[in-house]
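**Student:** Have a look at this prediction, sequence included:
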Amino acid sequence: MSPDPIAEGVLMVDAGTTQNFSSLLRENRVFAPNAEFAAKAHVKSEAEYEAMYRKSVEEPEAFWGEAAGELEWFEPWETVLEGTFPEPKWFVGGKLNLSHNCVDRHALGARRDAVALLWEGEPGEIRKITYGELLVEVQKFANVLKGLGVQRGDRVAIYMGMCPELAIALLACARIGAIHSVVFGGFAAHAISDRVNDSGCVVVLTQDTSHRRGSEIRLKAIVDEAMEKCSTVRNVVVFQRSGSPVNMVPGRDLWWHEEIAKASATCEPEWMDAEDPLFILYTSGTTGKPKGLVHTTGGYSVGTYLTTKYVFDLRDEDVYWCTADIGWITGHSYVVYGPLQCGATVLLYEGAPNWPENDRFWKIVDAHKVSVFYTAPTAIRAFIKWGDQYVKGHSLDSLRLLGTVGEPINPEAWMWFYQEIGKERCPIVDTYWQTETGMHMIAPVPGAVATKPGSATKPFFGVVAEVVTKEGELVPLGQGGLLVVRKPWPAMARTIYGDHARFVEAYFSEVPGSYFAGDGARRDEDGYFWLMGRVDDVINVSGHRLGTMEIESALVAHAKVAEAAVVGRPDEMKGQAIAAFVTLEEGNEPSEALKQELRQWVAKEIGALARPDDLRFTQMLPKTRSGKIMRRLLRELATTGTVSGDTTTLEDFGVLAKLKDGEE
Ligand code: PRX
């Protein structure tokens with residue numbers, strides 16, 4: 001159960017975003033759509049956007065039916081929308097296959113020889129795969145999976161780096177109706193085994209190593225460690241990326257290239273029901289256990305297709321680059337499924353933005369004539385810190401649209417992106433959405449909606465978003481409240497794998513009748529949304545979502561730790577940093593060495609992205625009389641070093657005094 005966001009007197013905007021928020025309150029710059037851009041855009045004026053938006057919410061079935069009609073269906077749907085929260089069904093009776101709409105539709109049409117995937121490895125190799133070639137590769141690998149006995153509805157885990165084979169793996173699963181569960185390549189062995197076991201995956205796809213900042217990440221070795229705890233996995237298929245030596249377990253492990261060499265290049269796509277599961281993707285919530293969100297085929301296809309078309313204003317000639325890893329929802333929706341359904345050329349880059357130099361991204365933009373560039377605010381803040389000298393000398397002339405995702409963008413970073421990268425020519429789309437939503441929810445339609453630095457602007461078509469109190473009443477414009485969505489949208493997750501009750505509880509119980517996103521927001525007098533950060537115990541580190549409870553669970557799993565409390569504190573670069581307060585089991589003494597050991601322990605248990613930035617030992621944690629850890633105090637302490645405000649419910653005032661003094 002998430003904490004009551006308003007009980008503590010104010011909307012509990014997480015510490016990491018308060019800084020942004022105060023600067024956002026003063027932000028009043030407006031950037032009208034660029035006229036040249038608007039003239040060629042899919043939606044050319046505000047009036048056109050408003051008319052389309054009105055239709056989308058007044059006649060959702062007509063609107064979404066038309067959108068779905070732009071894709072190919074093996075059998076048409078009977079009803080566009082049946083039922084409502086928490087169990088809406090979209091395109092009921094319709095049959096389709098997402099790999100067909102991403103690949104066959106273009107490969108068998110005018111885009112056959114157009115480049116679908118344009119890959120650059122970190123060491124510099126380049127591969128171009130046309131839609132025609134992609135169709136062959138996807139069919140071959142789909143046959144490899146079938147040959148391993150993978151059937152429609154089976155779960156397949158994928159733990160790979162950014163390479164074309166990762167996209168091919170997703171598409172091959174979709175083709176045969178296997179449910180993929182991608183685990184981000186930065187997660188540790190535990191995270192893999194937990195996820196594999198939660199959904200009972202039968203096959204794991206991985207690669208020998210992946211390149212990152214000049215070194216190799218030994219993905220296969222990490223899978224080997226995870227497999228010690230996974231009894232449902234029959235086979236591990238290993239793509240050979242680098243040729244570095246790996247351990248192949250006889251009878252279990254197979255080489256991708258050997259299997260593909262034997263596979264037939266024809267594999268008819270399964271006719272999937274619109275509501276058949278497409279994939280599971282795990283994300284952090286307010287408990288220690290990540291949630292396996294399930295997305296289905298029809299609604300997700302239509303939602304990602306339409307948002308890609310309108311928010312990125314995508315067209316055939318675009319070279320589109322989203323810098324997110326495919327292991328996150330951004331990669332699923334806006335590296336693979338959205339842009340390929342649109343028939344664009346999708347750029348994939350394997351490595352780090354600062355390898356070998358801080359200008360790698362700009363070199364890539366110029367070399368491949370990238371026209372749409374989508375990244376995270378945390379990356380933009382890093383570019384600013386590295387200095388403009390890394391941007392100068394690159395023309396960036398090919399760019400026509402920029403986008404951001406993952407966390408609120410501070411107006412300073414927005415302006416830098418607009419001026420230094422977009423040269424005041426490219427609109428910026430700040431896209432607000434979530435793993436749960438599957439598709440953009442609040443984002444400008446460029447060419448039609450004026451932008452304001454730091455605001456995600458207006459809802460996408462069909463999205464009925466509001467800012468409300470806990471009782472569901474609208475809050476006055478200008479005031480903060482809870483962000484909710486009132487009506488179902490096609491790409492929304494349908495359940496949490498194996499735990500539908502948790503799905504209903506987590507998203508539909510907080511504000512009756514509405515989907516509660518977990519974020520605070522405010523709307524200004526123009527109806528623009530300003531996101532204010534999470535109001536629950538989820539923190540956002542460099543655009544990566546982590547649950548404080550997950551990190552706490554990892555810490556208490558260490559033999560020397562008795563109790564742990566984790567909070568987010570503001571960080572200039574990462575948005576939020578992780579601060580941990582730890583009490584030790586009897587007989588253990590705090591020390592610098594133990595501090596480092598515990599930080600490393602969390603990295604080993606979850607992944608480097610969860611390693612606490614600060615770790616403080618304390619004899620006790622501040623708790624209310626009912627035993628709840630007083631996170632607000634810890635957040636304040638981690639942020640400012642002091643604590644003000646009401647502490648009358650604190651169980652032991654001495655605890656606070658000790659924490660303040662930094663006693664160890
Ligand atoms: O707090 C919001 C923040 O990221 C959360 C969703 O995280 P995740 O499911 O990992 O998906 C990230 C990529 C879609 C949200 O609850 N968030 C995401 N985009 C924005 C944002 N906050 C403000 N502005 C955004 N554009």
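**Tutor:** Happy to help now that I have it. Quantities reported herein were computed from a predicted structural model and do not represent experimental measurements.
**Student:** List the residues that contact residue 339.
**Tutor:** Contact analysis of residue 339 by Cβ atoms under 8 Å, 6 or more residues apart in numbering lists 308, 312, 314, 320, 322, 346. The C-beta positions use only the backbone N, C-alpha and C, and glycine is treated the same way.
**Student:** Same check on residue 56?
**Tutor:** Contacts of residue 56 (Cβ under 8 Å, 6+ apart): 63, 64, 461, 462.
**Student:** mind checking how far the nearest residue to the third one once chain neighbours are set aside is from the ligand?
**Tutor:** Looking back up the chat, that one is residue 461. Spatial nearest neighbour of residue 461, excluding adjacent residues (Cβ to Cβ, 6 or more residues apart in numbering): residue 56 at 3.9 Å. Distance, residue 56 to the ligand, by Cβ to the nearest ligand atom, to the nearest Å: 20 Å.
**Student:** Buried residues in the one helix or strand residue 56 maps to, which are they?
**Tutor:** Taking DSSP states H and E as the definition, one finds residue 56 inside helix 46-58. Neighbour-count burial for helix 46-58, counted by 16 or more other Cβ atoms under 10 Å, picks out 46, 48, 49, 52, 53, 56.
**Student:** Let's have the residues you listed in TSV, adding pLDDT.
**Tutor:** Conversion of these to TSV gives the following (pLDDT from 0 to 100):
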residue	pLDDT
46	97
48	98
49	98
52	98
53	98
56	98
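**Student:** Which pair in those has the greatest spatial separation?
**Tutor:** 46 and 56 (15.2 Å; Cβ to Cβ).
**Student:** Show me the residue sitting in the middle of the chain in space.
**Tutor:** Taking Cα atoms, centre = their mean, the centroid of the chain lies closest to residue 329, which sits 3.7 Å from it.
**Student:** List the residues that contact the closest residue to that one other than its chain neighbours.
**Tutor:** Distances taken as Cβ to Cβ, 6+ apart place residue 435 nearest to residue 329, at 4.2 Å, with adjacent residues excluded. Residue 435 is in contact with 281, 283, 293, 328, 329, 493, 545, counting by Cβ under 8 Å, 6+ apart.
**Student:** The first one is in contact with residue 291, isn't it?
**Tutor:** No - the pair residue 281 and residue 291 does not pass the contact test of Cβ atoms under 8 Å, sitting 9.3 Å apart.
**Student:** Could you pull out the residues contacting both of those two?
**Tutor:** Counting by Cβ under 8 Å, 6+ apart, nothing touches both residue 281 and residue 291.
**Student:** so residue 132 sits in a helix?
**Tutor:** Yes - the assignment for residue 132 by DSSP: H, G, I helix; E, B strand; the rest coil puts it in a helix.
**Student:** Name the helix or strand for the closest residue to it other than its chain neighbours, please.
**Tutor:** Spatial nearest neighbour of residue 132, excluding adjacent residues (Cβ to Cβ, 6+ apart): residue 112 at 4.3 Å. Per DSSP H and E: residue 112 is located in neither a helix nor a strand.
**Student:** Residue ranges in the chain under the pLDDT threshold?
**Tutor:** Applying pLDDT under 70 to the chain picks out residues 1-25, 644-654, 656-664.
**Student:** need the residues of it near the ligand, please.
**Tutor:** 283, 329-330, 405-408, 430-435, 456, 517-519, 531, 534, 540, 545 (Cβ under 6 Å from any ligand atom).
**Student:** So which of those residues are in strands?
**Tutor:** Using DSSP state E, 283, 405, 430, 431, 517, 518, 519, 531, 534, 540, 545 are the members of those that sit in strands.
**Student:** can you tell me which residues contact the third one?
**Tutor:** With contact set as Cβ under 8 Å, 6+ apart, residue 430 has these partners: 403, 404, 405, 409, 414, 443, 444, 451, 454, 455, 456, 457.
**Student:** again, only this time at 7 Å
**Tutor:** Residue 430 sits next to 404, 409, 443, 455, 456 when contact means Cβ atoms under 7 Å, 6 or more residues apart in numbering.
**Student:** burial count for residue 475?
**Tutor:** Using other Cβ atoms under 10 Å, the number of residues around residue 475 comes to 17.
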